[in-house]
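Asks: missing the sequence, but the structure's below:
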């Protein structure tokens, strides 16, 4: 699977009931756990003082990421996404060492 840096900003539409917001947020938490279990959601952060998320997401390609991963999030209709495909850097300290 390829890795993608995904920045997510969620904007709740005006006039949306608090019950609808609460229902979607609860469903979002469940779906995030499912995607973590399948390896599609590797890490997720919220910048201090901001209402957006930054995460490392995994999929075969960007089409799969958009349709079968991010597209399944209950809050997706309210999200603005910035997706950046990532590749390994030769100086990455987390990169696996070549076998001898």
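Replies: Structure's in. What do you need? Bear in mind that the values here come from a model prediction, so they are computed numbers and not experimental data. Numbering: from 1, shown residues only.
Asks: so where's this structure uncertain?
Replies: Across the chain, the ranges flagged by pLDDT under 70 are 97-100.
Asks: again, only using 80
Replies: Within the chain, the ranges that satisfy pLDDT under 80 run 95-100.
Asks: helices of that one, start to end?
Replies: Assigned by DSSP state H, the helices in the chain fall at 18-37, 62-64.
Asks: and the shortest one, how far out from the chain's middle?
Replies: Here the centre of mass of C-alpha atoms in helix 62-64, compared against the chain's by Cα atoms, centre = their mean, to the nearest Å, lies 13 Å away.
Asks: next one: stretch 31-46
Replies: 7 Å.
Asks: before we move on, what about stretch 9-27?
Replies: Using Cα atoms, centre = their mean, the offset of stretch 9-27 from its chain centre is 18 Å.
Asks: and stretch 11-27, how far apart are its ends?
Replies: 17 Å (Cα to Cα, to the nearest Å).
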